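**Student:** Task: produce atomic coordinates for the following.
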Amino acid sequence: MLRFDIAPICANAYRFQAAMSFSIAALYLFTPYKWVAFLLAFGGLLRGFVSPHRCLSYKLFSGLTRQFGLAKQQNAGSKMFADKVVFIAGSVMAISWLMGSEIGMIPATAILAFALLDLVTGFCAACWAYGLWYKMKAA
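**Tutor:** Residues are numbered from 1 along each chain as shown. Modelled structure (predicted):
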């Protein structure tokens, strides 16, 4: 579903967001700093359920891509869906850490892999799933 109630977002700025998600997942997996999952969950909550345009990191990355002439606008719907997935994964990571469980390693690994894929190739798996869902729903 296309989102016309929210201004289009910069797809290249979201690649920087993927770098942030990758970094946070790597910190979670390979360091004792498990609290970083709260950053992932908060970013996903803000960008996915409120608006990407209210997120400070998105504003920074959007400004940088615009300044360097790399801005590429796209509808916000699919990226907001991806951020909702990030919110869920980050929340599971944070809650499992608070409970002393290792189950948070599973969503952290998924975020690490899919964020790297988005960062390197520009392919957003959650965006693809979002589009597929609405194609199947329309049929």
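**Student:** So which residues of the chain form strands?
**Tutor:** With DSSP state E as the criterion, the chain has strands at 9-10, 73-74.
**Student:** Quick check: which of those is nearest to residue 94?
**Tutor:** With respect to residue 94, and counting by CB to CB, the nearest of these is strand 9-10 at 25.2 Å. Where C-beta positions appear, they are placed from N, C-alpha and C, glycine not excepted.
**Student:** for the closest one, the distance to its chain's centre please.
**Tutor:** In terms of CA atoms, centre = their mean, to the nearest Å, the centre of strand 9-10 is set 13 Å apart from its chain centre.
**Student:** Export stretch 21-36 to CSV, keeping only CA atoms.
**Tutor:** Included here for stretch 21-36 are C-alpha records, laid out as CSV according to Å, rounded to 0.1, in the frame of the first residue of the first chain:
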residue,chain,number,x,y,z
SER,A,21,21.2,-1.1,11.8
PHE,A,22,24.1,-3.3,10.7
SER,A,23,26.4,-1.6,13.3
ILE,A,24,23.9,-1.9,16.1
ALA,A,25,23.3,-5.6,15.3
ALA,A,26,27.1,-6.2,15.2
LEU,A,27,27.5,-4.5,18.5
TYR,A,28,24.8,-6.6,20.0
LEU,A,29,26.2,-9.9,18.6
PHE,A,30,30.0,-9.3,19.1
THR,A,31,30.3,-7.1,22.2
PRO,A,32,28.9,-7.1,25.7
TYR,A,33,26.9,-3.9,24.9
LYS,A,34,23.5,-5.6,24.5
TRP,A,35,21.7,-2.4,25.5
VAL,A,36,22.2,-1.1,22.0
